[in-house]
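A.B. asks: could you work out the structure for the sequence below:
(chains A and B)
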Amino acid sequence: MSESKAKKSLNFGTIWQRYGTIGILLLILILLAVLKPSAVFTSTSIPQILKQSSVNILLALGEFFAILLGYIDLSISAACGLTGMVAAIAMTSWGLPWVLACLIGVLAGTLIGAVNGFLINKTGLHPFIITLGTQTIYFGVMLVVSHSQNVYGFPAQFSAIMSMEFFGILPFNACIALAAAVILWFVTTRTKLGRNLYALGGNREAAWYSGINVHLHQMIVYMISGTCAGLAGVVLIGRLNAAAPTAGTGYETYAIAATIIGGTSFFGGIGKIPGVVVGGLIIGIINYGMTVMMIESSYQKIVMGALIIISVTIDHFVSTSSKK
Amino acid sequence: MEPLIKMSGITKEFPGVKALDNISFDILPGEVHVLIGENGAGKSTLMKILSGVYTPTSGKIICNGHEYSALDTKTSYDEGIAIVYQELSVINELSILENLFVGKLPTKKVCGVPVVDYKLMKEKASTVLEQVGLHHDPGTLVGDLAIPDKQLCEIAKALVSGAKVIVLDEPTTSLTTSEVENLHNLIRKLKAEGCGIVYISHKMSELHQIGDRITVLKDGGYVGTYPVEDITIDELVTLMVGREISGTYLAEDGFDPESQPVIFEAKNISRADGTCKNISFQLHKGEILGFAGLVGAGRTETMEAIFGAVPKSGGQVFLNGKELHINSPYSAIKQGLGMLTENRRETGFANNFSCKNNISLVPFIKTSTAGGIGGMLNGKDEQRWAQEQKESLSIKCTSVDQMTVDLSGGNQQKVILGKWMAAESEVLIFDEPTKGIDVGSKSEIYRLMRRLANEGKGVLMVSSEQTELLSVCDRIAVFRGGELRGILSSAEATEEKIVKISTNE
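C.D. replies: Here you go, the predicted model:
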């Protein structure tokens, strides 16, 4: 939250909390540069990594808000797949202009988030349970609306824009993720809404007594999460140039991993948007690096899992040791 | 007489702080040794050294003739030392019986497999439960017990382990008068059986009822140990805080609240759960209105309903003659109400926030739009609010950027007060504002409440400490069974009258 102007003593704890995520990023980059220099120092490596990371960063941005409240949103993977499917059907079967179709896809995400928020507020159940249920439902809906078939044949203009690269280095879909990150960073650091979310994540009861409407904020958080998933869905079909009936499966794991590696506390109340973006990039680079090193994707999962545990362990160690 | 435990020359240094400086403390068999001092005086640190949680930097501890330079938790247990903390450590999900033996469950072998020996546990437990007077079925889940019974359960646990020295850390904070009496009877019984009791308390009035000797700590230093009959409460307070504290915070003589205009009024406040029924009262300009009664009499429940934290089933609230429409804390804050809740840690502040962020929380909400979500943060306002409150409430923190959770209890309470002050609340509800706070901070909070009242703000104070109500409030409303049974003026109010009304004796 507030940046202390006072010079803090330089111990491992403060350094880790401030630069830990960036440190991991650099470490992995150096490791990659040593192991496979030919893969790092090419003109295509950066756009490739950015392209591959965009969907995950968008999902992680949404997940960040749920985790900030001390909750979770498991349905983002299905929301991402379903919204992409909706946009794909809208621009193919329905023949709508692609801009409108994309807008419908993103708004479908907002709606999906609102449904999550509504169920969480009305039932009072833990969001883990609600979003586990809605995830399964949304995946099912996706199979129904797509008749379990791939949807493709998008307008040429859509495909062209989605594969655009500025200055040969910045893909268009990375710009979407970046824009979303900037807006959400603004929300978390400059608006009362953002401050309220941190307060809720820190102490829900105290926040309620301080006049923060818990249900209203929970609803907004899940709508943000759903909207991010909607953006991710559109970006995903743009990148693959098709909408698959099972798209998105397992994506929530990577989004949660990016959020946690990015320094967000799983107990809520602590975390920053730039950290989440870097966390998403770390996962993108690992995937990219292992792919160019011809490592099977099964091993990628093992590395990813280990990284989550290591970074959270250090985090836990740091935050408990600073309290003694 | 040989002491059960003798601690001498105990010093404990944490990085940058000397928490204890050359403290001597001993416990004789069959005595209640009271340990007092303000928050941060070092009582808890000393007891944590006794229980083996902390290692002293220097000094020695002699238990039953064994000399140690430091105890660990196991030796402490083996030497018969048990601590009953203010926040009870019983496990709600287990039965009374299982709690008594938790971690040390006796086992027997059935077909070569060790299983828990409940029969043996029952035999051992029955005498101890009888001794402490816990008459529930030992199979009852501890979660189903009331707080005083949980405390008995914890004391029984200490006895089962064969403890000869029992430390009670603020045992009466959440007990009513008659429950305190029961606990004191139990302590007297344990004394007679040769146990040594360490009794930590902020309630000065009970020290003479229960204590034999009193040791005073101040700022980590040893002030002295006195036989209880040789020292008065006033002298003790002076020793603890090193300055005289006057005993009353009442308005000036001749102040008649009834002659002043009514600034705040509650009419027929009721809740659907029946915890408060048709509560009506008026608050006059310049007065502090107190709320007395037993725990569960409906005082906090009424305040929650007024503040909108819990929905009310009926009733009206007026500020300066204008009816307020309150259905949530948000709407209450918008219309000028504020509430300092009873449980500081659970409902008072966000523990991931600095003092500045906590103080600005309510003023930001008060100036927000669209149900609390609309509006930008203004860093300049925030800094000013925090700085003003830090100075006006003399909050002891390194800077307003210090984490609230790192402050002492009294200063945390000031931060919470600061957020309501910064929001310029017209009416403030103080629910047990001095619970677990040292004497020095208590008097500062009383003085502040009086200042607010003098400035024309409404001040309502719920408290379970009658002495506190009597020395602060101009009128005292007494609750019993969810109803307001009577309002006493400060001239007619006495402890006996309050007790009489609140217990219907």
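A.B. asks: quick one: the strands in the stretch 101-250 of chain A?
C.D. replies: In order along the chain, the stretch 101-250 of chain A carries the following strands (DSSP state E, counting those that start in this stretch): A:151-152, A:165-166, A:170-171, A:242-243.
A.B. asks: can you list contacts of stretch B:306-321?
C.D. replies: Stretch B:306-321 is contacted from outside by A:208-209, B:262-272, B:278-279, B:301, B:304-305, B:323-324, B:326-332, B:335-337, B:339, B:426-427, B:429, B:458, using C-beta atoms under 8 Å, 6 or more residues apart in numbering or on different chains. Glycine gets a C-beta too; all of them are placed from N, C-alpha and C.
A.B. asks: can you select the buried ones from those in ChimeraX?
C.D. replies: Of the contacts of stretch B:306-321, the buried ones go into a single ChimeraX selection, burial set by 16 or more other C-beta atoms under 10 Å in any protein chain shown:
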select /A:208,209 /B:262,263,264,265,266,269,270,271,279,301,304,305,324,326,328,329,330,331,332,335,336,337,339,426,427,429,458
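A.B. asks: next step: the contacts of stretch B:306-321 restricted to helices.
C.D. replies: A:208-209, B:301, B:304-305, B:329-332 (DSSP state H).
A.B. asks: one step back: now, the contacts of stretch B:306-321 that are in strands?
C.D. replies: Of the contacts of stretch B:306-321, the ones assigned to strands by DSSP state E are B:262-270, B:279, B:323-324, B:337, B:339, B:427, B:429, B:458.
A.B. asks: ok, back up a step: can I get the strands of the stretch 101-250 of chain A in TSV with mean pLDDT, mean neighbour count and distance to residue B:70?
C.D. replies: Written out in TSV, the entries for the strands of the stretch 101-250 of chain A read as follows (pLDDT from 0 to 100; neighbours: other C-beta atoms under 10 Å in any protein chain shown; distance: least, C-beta to C-beta, whole Å):
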stretch	mean pLDDT	mean neighbour count	distance to residue B:70
strand A:151-152	92	19	71
strand A:165-166	87	14	65
strand A:170-171	90	20	61
strand A:242-243	94	22	67
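A.B. asks: of those strands, give the one that comes closest to residue B:388.
C.D. replies: Distances from residue B:388 to each of the strands of the stretch 101-250 of chain A were compared by C-beta to C-beta, and the smallest falls on strand A:170-171, at 46.7 Å.
A.B. asks: which helices and strands sit right next to that closest one?
C.D. replies: In terms of contact count using 3 or more C-beta pairs under 8 Å, 6 or more residues apart in numbering or on different chains; DSSP states H and E, strand A:170-171 is assigned the packing partners helix A:45-68.
A.B. asks: could I have the helix it packs on exported to CSV, CA atoms only?
C.D. replies: Once side chains and other backbone atoms are set aside, the C-alpha atoms of helix A:45-68 remain, and they are given as CSV (Å, rounded to 0.1, in the frame of the first residue of the first chain):
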residue,chain,number,x,y,z
SER,A,45,11.7,-14.4,-28.9
ILE,A,46,10.1,-11.4,-27.3
PRO,A,47,6.9,-11.1,-29.4
GLN,A,48,6.6,-14.9,-29.0
ILE,A,49,6.7,-14.8,-25.2
LEU,A,50,4.4,-11.8,-25.1
LYS,A,51,1.9,-13.4,-27.3
GLN,A,52,1.9,-16.6,-25.3
SER,A,53,1.6,-14.8,-22.0
SER,A,54,-1.2,-12.4,-22.9
VAL,A,55,-4.1,-14.8,-22.2
ASN,A,56,-2.6,-15.9,-18.9
ILE,A,57,-1.8,-12.3,-17.8
LEU,A,58,-5.4,-11.2,-18.5
LEU,A,59,-6.8,-14.2,-16.6
ALA,A,60,-4.3,-13.5,-13.7
LEU,A,61,-5.4,-9.9,-13.5
GLY,A,62,-8.9,-11.1,-12.9
GLU,A,63,-7.9,-13.8,-10.5
PHE,A,64,-5.8,-11.2,-8.6
PHE,A,65,-9.0,-9.4,-7.5
ALA,A,66,-10.6,-12.6,-6.2
ILE,A,67,-7.4,-13.5,-4.3
LEU,A,68,-7.1,-10.0,-3.0
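A.B. asks: how far away is the closest residue to residue A:100 other than its chain neighbours from chain B?
C.D. replies: Computed as C-beta to C-beta, 6 or more residues apart in numbering or on different chains, the closest residue to residue A:100 that is not its neighbour in sequence is residue A:90, at 7.3 Å. Counting by C-beta to the nearest C-beta, to the nearest Å, the separation of residue A:90 from chain B is 31 Å.
A.B. asks: could you do residue A:30 as well?
C.D. replies: Between residue A:30 and chain B the distance, using C-beta to the nearest C-beta, works out to 33 Å.
A.B. asks: what about stretch B:235-255, how long is it end to end?
C.D. replies: 30 Å (C-alpha to C-alpha, to the nearest Å).
A.B. asks: residue ranges with poor pLDDT in chain B?
C.D. replies: For chain B, the stretches flagged by pLDDT under 70 are B:15-17, B:39-40, B:241-247, B:505.
A.B. asks: spell out which parts of it neighbour chain A.
C.D. replies: Taking C-beta under 8 Å from any C-beta of the partner chain as the measure of proximity, chain B contacts chain A at B:307, B:309, B:328-330, B:332-334, B:339, B:341, B:346-354, B:356-357, B:361-362, B:364-366, B:368, B:371-377, B:398-399, B:401, B:419.
A.B. asks: summarise which helices and strands the helix or strand of chain A with the lowest mean pLDDT is packed against.
C.D. replies: For chain A, the helix or strand with the lowest mean confidence is helix A:37-40, at a mean of 74 (criterion: mean pLDDT, DSSP states H and E). Counting contacts by 3+ C-beta pairs under 8 Å, 6+ apart, the secondary-structure elements packed against helix A:37-40 are helix A:12-35, helix A:273-292.
A.B. asks: pipe the ones you listed into JSON lines and attach mean neighbour count and mean pLDDT per row.
C.D. replies: What follows is the helices and strands packed on helix A:37-40, written out as JSON lines (neighbours: other C-beta atoms under 10 Å in any protein chain shown; pLDDT from 0 to 100):
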{"stretch": "helix A:12-35", "mean neighbour count": "15", "mean pLDDT": "79"}
{"stretch": "helix A:273-292", "mean neighbour count": "23", "mean pLDDT": "89"}
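A.B. asks: quick one: which of the ones you listed is nearest residue B:493?
C.D. replies: helix A:12-35 (53.0 Å).
A.B. asks: pretty sure residue B:172 contacts residue B:206?
C.D. replies: Yes. Using C-beta atoms under 8 Å as the test, residue B:172 is close enough to residue B:206 to be in contact (6.4 Å).
A.B. asks: neighbour count for those two, which is higher?
C.D. replies: When neighbours are counted by other C-beta atoms under 10 Å in any protein chain shown, residue B:172 and residue B:206 differ, and residue B:172 comes out ahead with 23 against 17.
A.B. asks: please name the nearest non-neighbouring residue to that one.
C.D. replies: Per C-beta to C-beta, 6+ apart, closest to residue B:172 is residue B:180, 4.7 Å.
A.B. asks: okay but the one you found is in contact with residue B:174, surely?
C.D. replies: No. Using C-beta under 8 Å, residue B:180 makes no contact with residue B:174, being 10.3 Å away.
A.B. asks: who has more neighbours, those two?
C.D. replies: Neighbours of residue B:180 and residue B:174, each counted by other C-beta under 10 Å, are more numerous for residue B:174; the result is 20 against 17.
A.B. asks: next one: phi and psi at that one?
C.D. replies: Dihedral angles of residue B:174 (phi, psi; degrees, to the nearest 10) stand at phi -110, psi 30.
A.B. asks: likewise residue B:476?
C.D. replies: Backbone dihedrals for residue B:476, given as degrees, to the nearest 10, come out at phi -130, psi 120.
A.B. asks: mind listing what it touches?
C.D. replies: Contacts for residue B:476 were tallied using C-beta under 8 Å, 6+ apart; they are B:289-292, B:469-470, B:487-488, B:490, B:493, B:498.
A.B. asks: quick check: residue B:82 is in a strand.
C.D. replies: Yes. Counting by DSSP: H, G, I helix; E, B strand; the rest coil, residue B:82 is found in a strand.
A.B. asks: what about residue B:205, how many neighbours?
C.D. replies: Using other C-beta under 10 Å, residue B:205 has 12 neighbouring residues.
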